[in-house]
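**Q** Build me a structure from this.
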Amino acid sequence: MIDWSSLPDRAPSDAELAAVSAALRSPDPVERDERAYPRLAGWVPGLPEERRPALGDAMAARFTDSEVQARTFAPLVLAAVARAGTLRPDWPDAFARWYPAETDLRGHHPELGWLHAVAHGADLLAAFGQHPEVDPEPLTVLGAARLLAPTDHVFDAMEDDRLGHALALTLTRSELTERQEVGRLDAVADVFAAGRPGPVPAEVSNTLRTLRVVHLPAVRGVRPAWRSPQVRALPHGAAVAERIAGVLAVAAPYVGWTG
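**A** The predicted model follows:
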C-alpha cells in the first residue's frame, strides 16, 4: 500500500517510481486517476534523462496489457515523457499497433472511472506529432485509421475535440507537404461515398465530428496547450480546410459545406 503523503514532489527513488507506476494500472479510479497519474506526470520533467526511458518502456509495454485501464492510462504518461524530450524509436510503433485496434472506447465507466482510450491516445499522438524526431506523416495515417475503425461507440466525452486538436497540432509540422496533409482525407471520402441510406455508423459520426474540429484550426490556427496565448498556423491550412469541406459535403451536404 502506498503512503501517498510520504512521496516526494521530485526525484523519487526507483522503488517509489515503480510503486506509483504499478498503481497506474489499478482498477480503482481514485488510486489510478487522482493519485498515480498526477504524481507520475509531475515527476517526469524532473526525472534525470537516463531514468526516463525505463518509464517510457514500461508504459509502451502496457499497450498489450489485458486490463483496459492499464492500456488507456499508459499513453498519458508516455506523452509526458515525450514532451520532456525523451524518445525511443519503438514507442511510436507500439502506439500505432494499439491505437486503432483498441475496441473499448468508453469514455467513463461507473466502476473503473475514466478510460478514455481515444482521448488519452490523442494526447500521445499530439506529443509525438510535436516531437522533432517523430515522422509526422504516419501519425496522420494513424489518426485516420483510428477514426475509421469500425465501432459501436459514438464519442460522448469530447473525444472528437481531443483527437481533432491532436491532428491539428500534427498538421503544423513544416515537413508535411500539402499532398500528405490532404491525402489522408481520401480514405475518409471513400468511406463516406460508400455509405447507404439508414442509420449513420458510429465511426462515420465520430469522423464527421472530428473533421469539423480540425476544420476550425485549419482556418484559424491551433493552440498547443490549454489556454496557451500562442497560436500556431497550419502551413497548408487553407488547402486542408478546403479538402475537409469537400469531404464533409459527401456525407452531410445539408449543412452547406462546399468543395
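
**Q** Can you check the distance spanned by stretch 32-39, start to finish?
**A** Using CA to CA, to the nearest Å, one end of stretch 32-39 lies 10 Å from the other.

**Q** Residues touching it, excluding its own?
**A** 2, 4, 7, 20-21, 23-26, 69, 73, 76-77, 113-114 (CB atoms under 8 Å, 6 or more residues apart in numbering). Where you see a C-beta, it was placed from the backbone N, CA and C, and this is true even at glycine.

**Q** Equivalent analysis for stretch 135-145, please.
**A** Counting by CB under 8 Å, 6+ apart, 92, 95-96, 99-100, 125, 128-129, 163, 166-167, 170-171, 173, 175-176, 180-181, 184-185, 187-188 sit against stretch 135-145.

**Q** Please apply the same query to stretch 10-30.
**A** Counting by CB under 8 Å, 6+ apart, 2, 7-8, 31-32, 35-37, 39-40, 43, 46-47, 51, 55, 58, 62, 65, 67, 69-70, 73-74, 77, 111-114 sit against stretch 10-30.

**Q** switch to 6 Å and redo it
**A** 2, 7, 31-32, 36, 39-40, 43, 46, 58, 70, 73, 112-113 (CB atoms under 6 Å, 6 or more residues apart in numbering).

**Q** mind checking the end-to-end distance for it?
**A** 21 Å.

**Q** and that stretch, what's its mean pLDDT?
**A** Stretch 10-30 comes out with an average pLDDT of 96.

**Q** in it, what counts as buried?
**A** Buried residues in stretch 10-30, counted by 16 or more other CB atoms under 10 Å: 12, 16, 17, 19, 20, 21, 23, 24, 25, 26, 29.

**Q** related to what we said a few turns ago, going through the contacts of stretch 135-145, which ones are buried?
**A** 92, 95-96, 99-100, 125, 128-129, 163, 166-167, 170-171, 173, 176, 180-181, 184-185, 188.

**Q** residue nearest the centroid of the protein?
**A** Nearest to the mean C-alpha position of the chain, by CA atoms, centre = their mean, lies residue 122 at 0.9 Å.

**Q** quick one: contacts for it?
**A** 162, 163, 166.

**Q** Now those in a markdown table, please, with extra columns for distance to residue 220 and pLDDT.
**A** Converted to a markdown table, the contacts of residue 122 look like this (distance: CB to CB, whole Å; pLDDT from 0 to 100):
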| residue | distance to residue 220 | pLDDT |
| --- | --- | --- |
| 162 | 18 | 97 |
| 163 | 18 | 98 |
| 166 | 17 | 98 |
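
**Q** Just the CA trace of the helix of greatest length in the chain, in CSV.
**A** The single longest helix within the chain, with elements called by DSSP state H, is helix 202-220. Provided in CSV are the C-alpha atoms of helix 202-220 (Å, rounded to 0.1, in the frame of the first residue of the first chain):
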residue,chain,number,x,y,z
ALA,A,202,-20.8,5.2,-35.2
GLU,A,203,-17.3,5.5,-36.8
VAL,A,204,-18.8,7.8,-39.5
SER,A,205,-20.5,10.0,-36.9
ASN,A,206,-17.2,10.2,-35.0
THR,A,207,-15.2,11.1,-38.1
LEU,A,208,-17.7,13.8,-39.2
ARG,A,209,-17.5,15.5,-35.8
THR,A,210,-13.7,15.2,-35.6
LEU,A,211,-13.2,16.7,-39.0
ARG,A,212,-15.3,19.6,-38.1
VAL,A,213,-13.0,20.2,-35.1
VAL,A,214,-9.9,20.0,-37.4
HIS,A,215,-11.5,22.5,-39.8
LEU,A,216,-11.5,25.3,-37.3
PRO,A,217,-7.8,25.3,-36.5
ALA,A,218,-7.1,24.8,-40.2
VAL,A,219,-8.7,28.2,-40.7
ARG,A,220,-7.7,30.0,-37.5
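
**Q** Cheers, nothing more for now.
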